[in-house]
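J.: sharing a sequence plus its predicted fold:
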Amino acid sequence: MEKGKKLFSILIPVLLFGGLWGILEATLGSLLHLPFIPGTMFLASTTIMVPIAYFLMGACYKKTGVFYSAMLMGVIAAGMKALACLIFHMSFNPVYHILLESVFMGLALLIVRPKEVISFAGLGTLIIANTLYLGISTFIRVNPMTSTASVFMANFEKYTFMMNCVGILYSFAFGAILFGVKKLSEKYSWDFSKISKVIYHPAFASGVAAVAVVLTIVLR
């Protein structure tokens with residue numbers, strides 16, 4: 001009985017944050033890939049969407065207390081993307097990348113075990129996960145066995161160093177804003193208990209996941 005309750009308490013946040021990840025991938029992620037968006041590293045999906053995904057996985061970890069909740073989130077988000085890929089016969093590369101993000105975030109959470117998401121430990125967790133992800137994903141993007149060493153190193157430097165640094169700076173700025181909001185809420189004793197009850201209700205979490213599935217299919 002206790003195991004069932006614990007599993008349920010993990011499943012609901014995973015559905016909620018996994019659904020939010022899916023919604024953002026379908027909306028903001030799709031927007032960043034449109035042709036009228038400049039193809040710079042400051043407006044790239046990698047530098048904007050990946051840190052957001054890590055923050056959501058960190059928030060899920062804080063709620064559940066288990067590192068593998070990040071990996072379960074990845075399965076949900078990747079499943080949504082895979083469904084759209086199957087329906088519209090698209091490349092499965094985004095699915096692999098989502099799974100990689102969740103695996104490396106899970107490993108980073110296991111190593112660091114941050115007590116708070118908005119903290120230097122939380123930022124360190126993101127840096128570890130993002131560096132591993134961008135480094136390893138280079139082998140998916142550019143196969144070193146079939147490309148020249150110069151092409152492979154150019155991609156490795158671009159993603160693992162340059163775009164990684166931009167993503168970390170974005171994460172630091174976003175974290176600083178949330179830290180400020182947190183301190184204001186503590187100073188003025190803002191009560192979010194009622195909102196939390198609604199957000200973490202099974203019906204709401206399931207609804208978010210359902211909306212994510214629909215948006216992923218509609219917006220590809």
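T.: Ah, there it is. Residues are numbered from 1 along each chain as shown.

J.: center of the chain, which residue is that?
T.: Centroid-nearest residue in the chain: Ala53, 1.5 Å away (criterion: CA atoms, centre = their mean).

J.: residues in contact with that residue?
T.: 21, 24-25, 77, 98, 101, 105 (CB atoms under 8 Å, 6 or more residues apart in numbering). Placement of C-beta: from N, CA and C, glycine included.

J.: go with 7 Å
T.: Applying CB atoms under 7 Å, 6 or more residues apart in numbering to Ala53 gives the contacts 21, 101.

J.: distance of it from Gly167?
T.: 11 Å (CB to CB, to the nearest Å).

J.: now do Val211
T.: Taken as CB to CB, the span from Val211 to Gly167 is 26 Å.

J.: try Arg113
T.: Arg113 is 22 Å from Gly167, by CB to CB.

J.: same deal with Ile87?
T.: Counting by CB to CB - Ile87 and Gly167 are separated by 30 Å.

J.: so between these two, which is more surrounded?
T.: Each of Ile87 and Gly167 has its neighbours counted (other CB atoms under 10 Å); Gly167 has more, 27 against 11.

J.: now the helices: where do they sit in the protein?
T.: 2-24, 30-32, 45-64, 68-88, 93-112, 120-141, 149-156, 164-187, 193-199, 202-219 (DSSP state H).

J.: show me what counts as buried in the fifth one.
T.: In terms of neighbour count (16 or more other CB atoms under 10 Å), helix 93-112 has its buried residues at 94-95, 97-109, 112.

J.: cool, thanks, signing off.
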